[in-house]
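S.K.: Just to be clear, the model below is a prediction. Sequence and coordinates:
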Amino acid sequence: MDALKVRNAADVEEVVRAAIAGEQPLEIVGHGSKRAIGQPMATNAVLDLSALNAVISYEPNELIITVQAGAPLADVLSLIDSKSQQFAFEPVDTGPLLGTPGRGTIGGMIAAGLAGPRRIKAGGARDHLLGAHAVSGFGESFKTGGKVVKNVTGYDLCKLLAGSWGTLAVMTEVTLKVMPRPEAERTLVLRGLDDGTANQAMTAALGSPFDVSGAAHLPASIASAETDGLKAIARPQQSLTLVRLEGITASVAHRAASLAKQLAPFGTAEIVDDAASAPIWSAIRDVLPFAADGPLGAWPVWRIVCPPVSGGALGRLLAQETGGEVIYDWGGGLIWLALPPQPDAAAAGVRRHVGAVGGHATLLRASEDVRRVVDVFQPQPAGVAALEARVRGSFDPKAVLNRGRLRRSVAP
């Protein structure tokens, strides 16, 4: 396989134009940490962006950072952390789940658009992407957005690039909004709730005036496992329902005490402080109970987004029908489902139940053989699929960029 390592946007333009001329599709990679997500692609050429790794500018006082797309995410997180700042949407590290080292690149973070527990409060990656430089499937550079939060320079193409999995354009540089890191955090822990009752407790917390920034539930079979970040609060055969509060120390302490009183009908809430709280949410964010090196490492994993009110019932139904395990995040709006290996990862049944509540499901981890016969990403209704094809055609008419990664039927 040819690996084409570019040094700048001009190199990217040249490689894309050559791919168009030679009718050779390109696989776009940074560190390759997410290559096992999506439909397997038939290509012999890899466009390697890892050398585009510079921080162009960082203005902590303006809450803005501009970096090249191949910049290591871990390095950028370390840089903004040194200024007590963060990406508020909590980018997911897929490394533990997929068994790949490192945290990938900034470009991969935006292209995947996977957000962590704070998504319910802060929004997703696309909500924090202010601007981008990219090369389209025509081999032409373009710029979208800018370096201000309130940008009115026309149609916001950033929203399309986020979550596009590299199928529309090759990002070379991005500008992102950063936010101050909270001074303190508290996690309220409720024990022994079943999935439905936990769903109600999380809904009550999210509907309260106490500015909740995380709400998750782990059934007893998962909560009692030996998982990094959860060991300190795990108890044998007890489920965990977790609610996070963040902000100024005095405010967080007051809100935690008040919310504990409001949740009293669901049980006595234990309160976990600061340093002990952070690893809990890292484990939830990165789905560590389903890690590739753990006891469920060989099981396919679905990422299911649904209306939060339906989460408890849907998760319980899927677990019972497949013999799998579930983790709930986003107050029940995000379900991680790991299930025993099957040739089709139970795709028909999973999508039938998810579709019945108006949700969608992505097969985030599975073998290549399974991904060849299953639609990894949610199949679209005819009208949406047609719109998607027109958008893709306007960016990449020859489908040279990550051809077939999102849809098995994609062809030039």
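M.R.: It's in. Worth saying up front: this structure is predicted, and the values here are computed from it rather than measured.
S.K.: ok, residue 69 touching residue 49?
M.R.: Yes. Under the criterion of CB atoms under 8 Å, residue 69 makes contact with residue 49 at 5.5 Å. Backbone N, C-alpha and C define where each C-beta goes, glycine included.
S.K.: Identify the contacts common to those two.
M.R.: By the contact definition CB atoms under 8 Å, 6 or more residues apart in numbering, residue 69 and residue 49 are jointly contacted by 30, 105, 107, 170, 172.
S.K.: pLDDT (mean, whole number) over the host helix or strand of the third one?
M.R.: Assigned by DSSP states H and E, residue 107 belongs to helix 106-112. Averaging the model's pLDDT scores along helix 106-112 yields 96.
S.K.: Same check on stretch 341-355?
M.R.: On average, the pLDDT along stretch 341-355 is 97.
S.K.: residues of that stretch that come out buried?
M.R.: For stretch 341-355, the neighbour count (16 or more other CB atoms under 10 Å) marks 342, 345, 346, 347, 349, 350, 351, 353, 354 as buried.
S.K.: Just the ones in helices from these, please.
M.R.: Members of these lying in helices (criterion: DSSP state H): 347, 349, 350, 351, 353, 354.
S.K.: rewinding a little: quick one: which of the shared contacts of residue 69 and residue 49 is nearest to residue 276?
M.R.: residue 105 (30.7 Å; CB to CB).
S.K.: and that closest one, what is it in contact with?
M.R.: Taking CB under 8 Å, 6+ apart, one finds 30, 31, 33, 49, 50, 53, 69, 70, 71, 72, 73 in contact with residue 105.
S.K.: how close does it sit to residue 75?
M.R.: 10 Å (CB to CB, to the nearest Å).
S.K.: Return the backbone torsion pair for the most centrally placed residue in the chain.
M.R.: In the chain, the centroid-proximal residue (CA atoms, centre = their mean) is residue 114; its distance is 1.5 Å. Here is the backbone geometry of residue 114 (degrees, to the nearest 10): phi -90, psi 120.
S.K.: Pull up the gap between the closest residue to it other than its chain neighbours and residue 2, please.
M.R.: Counting by CB to CB, 6 or more residues apart in numbering, residue 92 is the residue found nearest to residue 114 once chain neighbours are left out, at 4.1 Å. Distance of residue 92 to residue 2, given as CB to CB: 30 Å.
S.K.: So between these two, which is more surrounded?
M.R.: For the pair residue 92 and residue 2, the greater number of neighbours falls to residue 92 (24 against 10), based on other CB atoms under 10 Å.
S.K.: Give me the residue ranges of the stretch 151-300 of the chain where confidence is low.
M.R.: 151-155 (pLDDT under 70).
S.K.: now the helices for it?
M.R.: 158-161, 195-206, 220-223, 249-262, 274-285 (DSSP state H, counting those that start in this stretch).
S.K.: Read off the pLDDT value for residue 66.
M.R.: So residue 66 comes in at 97 (pLDDT).
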